[in-house]
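give me the fold of what follows.
(one chain, ligands or ions: 1)
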Amino acid sequence: MKIQRTIPPAAAPIAWKDLMRGLTGMAFGRGDLGRLEDEIKDYFGIRHVFLVSSGKAALYLILQALKSLSSRRQVLIPAYTCYSVPSAVLKAGLNLSLVDIDPATLDFDYGLLEKSIDERTLCVVPTHLFGLPSDMDRVNALCKDKGAFVVEDAAQAMGGEYHGKKLGTLGDAAFFSLGRGKNITCGSGGIILTRSDRIADALRLRYSRLEAESPMRRIINLLGVLAMSIWMKPDLYALPASLPFLGLGETKFYTDFPIHRLDGTRAGLLANWKARLEQSNQARLKASGDFIDRLVPGSRVIRSSSGKETVYLRLPVLVESRKAKEELCAVSREKGLGISPMYPTAIQEIRELQGRLESTDFPGAKSVAERLVTLPVHPWVRQKDRDAISKPIEALRSSVSAGNFCDADPSVGKANA
Ligand SMILES: Cc1ncc(COP(=O)(O)O)c(C=O)c1O
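The predicted model follows:
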């Protein structure tokens, strides 16, 4: 193991005072939970909020609620997304269908989405991957036409906007993740939002039956957050990053995840959530803005111009080939730069899903899985780190013809300016 400053690919700093609030939340968490719920309603201007144990638990509950309101059973998700999304669909006993994505935007290929929605479609799950807003106007229009619900996957996009409106408030229901490495964290957690009284009633019924997590699991989560607040710091991260059994950065598919209400300890950890979200997202805007100024034009930084600036969770860059991606990631590991690949495969290649999906090809998703790297933009990334991170990307750019590296016009994207 090399002792050197090592940037984690994603991180959501948490302060000692927040950890102390987590501790007091163990005893007095009921008040914290009520307050958190009210603050979230107020911040998003939305009537119904449900706090649960993870983003996937949130999606599972939303799907269960929608299932009770319709006889339709098909759920359309992007062919490149977090593995937790198909796992929640299967756990909810629904039929999974994939729609290919456009590598220039990481959003749906809208021609294909339009063809895929029909009278079997219960809902579509547009995903604000890395904080890039999905084209909600188009998704909403297509779904309205065909009577399908829209469930925003805003797991990676808390605090971002689309045409001046907050992400998470644009579909029939939405969820955020409060997992490690998201915009803000309490270890693990999820938030459901909906404006619809009908969906909220169906959710409330299921929510009322959920148990809170056991005291032991809450303590383990709090200790995990404490460990994260220490070891994820760039000056120390070299150690956990060198321990393979921690499985940091691994992507796994599993459906046996727990579904609980959010507990008082986690609500305590989130007591200061609004200020943390603001600080975290300001830092992300600054870091990603700096990278974009340096790397565009010339590299395939994936951008959007749907209103305000994008709050990236990580900055996505498409390189020329799988080989270029692997070489870049190897340099990053060697130098501790935090440049990292994302999901290793498109959804149809997940081993556990073999035989459950139509054997369609998803070239967009496949190409993204092969060529995407992300740059860290979290609050621990300093100016000097950005200098170091930009170097191998610039070197890669000059070592291949610009045409190869920028396999599409970098100004193209979802309505890219
Ligand atoms: C796009 C996306 N959807 C859903 C999830 C699931 O959230 P959680 O990890 O909190 O269960 C994640 C988490 O990484 C995600 O990135």
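
so what's the residue count around the residue in the stretch 51-200 of the chain that the ligand sits nearest to?
Taking Cβ to the nearest ligand atom as the measure, the point where the stretch 51-200 of the chain comes nearest the ligand is G55, at 2.4 Å. Any C-beta I mention is one placed from the backbone N, CA and C, and that applies to glycine too. The burial count assigned to G55 is 27, neighbours taken as other Cβ atoms under 10 Å.

distance of it from R30?
When Cβ to Cβ, to the nearest Å is the yardstick, G55 and R30 sit 23 Å from each other.

what about A58, helix or strand, and which?
Secondary-structure assignment from DSSP states H and E places A58 in helix 55-69.

and that helix, what does it pack onto?
With contacts defined as 3 or more Cβ pairs under 8 Å, 6 or more residues apart in numbering; DSSP states H and E, helix 55-69 has these neighbours: strand 48-52, helix 84-91, strand 121-124, strand 149-153, strand 173-177, strand 190-194, helix 197-208.

the helix or strand following it pairs with which strands?
Towards the C-terminus, the helix or strand next in line after helix 55-69, according to DSSP H and E, is strand 74-78. Strand partners for strand 74-78, identified by DSSP bridges, are recorded as strand 95-99 (parallel), strand 121-124 (parallel).

what's the offset of strand 74-78 from the middle of its chain?
From the chain centre to the centre of strand 74-78 is a distance of 17 Å (Cα atoms, centre = their mean, to the nearest Å).

kindly report the same for stretch 143-151.
Distance, centroid of stretch 143-151 to centroid of chain: 22 Å (Cα atoms, centre = their mean).

go on, stretch 97-110?
With Cα atoms, centre = their mean as the basis, the distance from the averaged C-alpha position of stretch 97-110 to the chain average is 16 Å.

now stretch 371-380
A distance of 13 Å separates the centroid of the chain from that of stretch 371-380, by Cα atoms, centre = their mean.

output it as CSV, nothing but the C-alphas.
Below are the C-alpha coordinates for stretch 371-380, written out as CSV (Å, rounded to 0.1, in the frame of the first residue of the first chain):
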residue,chain,number,x,y,z
ARG,A,371,-16.1,3.6,-21.9
LEU,A,372,-17.4,5.7,-19.0
VAL,A,373,-15.2,7.1,-16.2
THR,A,374,-16.2,9.5,-13.5
LEU,A,375,-14.2,12.3,-11.9
PRO,A,376,-14.6,13.1,-8.3
VAL,A,377,-16.3,16.5,-7.5
HIS,A,378,-17.1,16.1,-3.8
PRO,A,379,-16.2,18.6,-1.1
TRP,A,380,-12.8,17.0,-0.3
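
ok, it near the ligand or not?
No. No part of stretch 371-380 sits close enough to the ligand to count as contact by Cβ under 6 Å from any ligand atom; the gap is at least 11.7 Å.

pLDDT averaged over that stretch, what's the number?
In this model, stretch 371-380 carries a mean pLDDT of 96.

what does stretch 268-281 give?
Taken as a whole, stretch 268-281 carries a mean pLDDT of 96.

show me what that stretch is in contact with.
Outside of stretch 268-281, the residues within contact range by Cβ atoms under 8 Å, 6 or more residues apart in numbering are 12-15, 17-19, 21-26, 28-29, 32, 35-36, 39, 43, 158-160, 178, 183-184, 186-187, 189, 222, 225, 311, 378-379.

cool, and stretch 114-125?
Among residues not part of stretch 114-125, those counted as contacts by Cβ under 8 Å, 6+ apart are 59, 63, 66-67, 70, 72-78, 85, 94-95, 97, 99, 113, 139, 142-143, 145-153, 172.

filter those residues down to the ones near the ligand?
Among these, the residues within reach of the ligand (Cβ under 6 Å from any ligand atom) are V85, D153.

are any of the contacts of stretch 114-125 buried, and if so which?
Members of the contacts of stretch 114-125 that pass the buried threshold by neighbour count (16 or more other Cβ atoms under 10 Å) are listed as 59, 63, 66-67, 72, 74-78, 85, 94-95, 97, 99, 113, 139, 142-143, 148-153, 172.

list the buried ones in stretch 367-376?
S367, V368, A369, E370, R371, L372, V373, T374, L375, P376.

need the per-residue pLDDT for the spatially most central residue of the chain.
With distances taken as Cα atoms, centre = their mean, Q156 lies nearest the centre of the chain, 2.8 Å away. According to the per-residue confidence, Q156 scores 98 in pLDDT.

coming back round to it: in JSON lines, list the helices and strands packed on helix 55-69 along with distance to F257.
Below are the helices and strands packed on helix 55-69 laid out as JSON lines (distance: least, Cβ to Cβ, whole Å):
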{"stretch": "strand 48-52", "distance to F257": "11"}
{"stretch": "helix 84-91", "distance to F257": "7"}
{"stretch": "strand 121-124", "distance to F257": "20"}
{"stretch": "strand 149-153", "distance to F257": "16"}
{"stretch": "strand 173-177", "distance to F257": "12"}
{"stretch": "strand 190-194", "distance to F257": "11"}
{"stretch": "helix 197-208", "distance to F257": "16"}
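
check those for me and report the most buried one.
Taking mean count of other Cβ atoms under 10 Å as the contact definition, the stretch among the helices and strands packed on helix 55-69 with the greatest mean neighbour count is strand 173-177, which reaches a mean of 29.

partners of that strand in the sheet?
In its sheet, strand 173-177 lies beside strand 149-153 (parallel), strand 190-194 (antiparallel), with partners assigned from DSSP bridges.

closest to R261 out of the ones you listed?
Go through those one by one with Cβ to Cβ and the one that ends up closest to R261 is strand 190-194, at 10.4 Å.

could you list the low-pLDDT ranges of the stretch 201-350 of the chain?
Within the stretch 201-350 of the chain, the segments meeting pLDDT under 70 span 298-299, 305-308.

buried set for stretch 244-255?
Using 16+ other Cβ under 10 Å as the test for burial, stretch 244-255 gives L248.

convert the C-alpha atoms of it to CSV, please.
Included here for stretch 244-255 are C-alpha records, laid out as CSV according to Å, rounded to 0.1, in the frame of the first residue of the first chain:
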residue,chain,number,x,y,z
PRO,A,244,-10.3,-5.8,-0.9
PHE,A,245,-12.5,-7.3,1.7
LEU,A,246,-14.2,-3.9,2.3
GLY,A,247,-15.5,-4.2,-1.3
LEU,A,248,-15.4,-0.4,-1.8
GLY,A,249,-16.7,0.6,-5.2
GLU,A,250,-18.0,-2.9,-5.9
THR,A,251,-21.4,-3.2,-7.7
LYS,A,252,-23.5,-6.2,-6.6
PHE,A,253,-27.0,-7.4,-7.5
TYR,A,254,-29.1,-8.6,-4.6
THR,A,255,-32.8,-8.5,-3.7
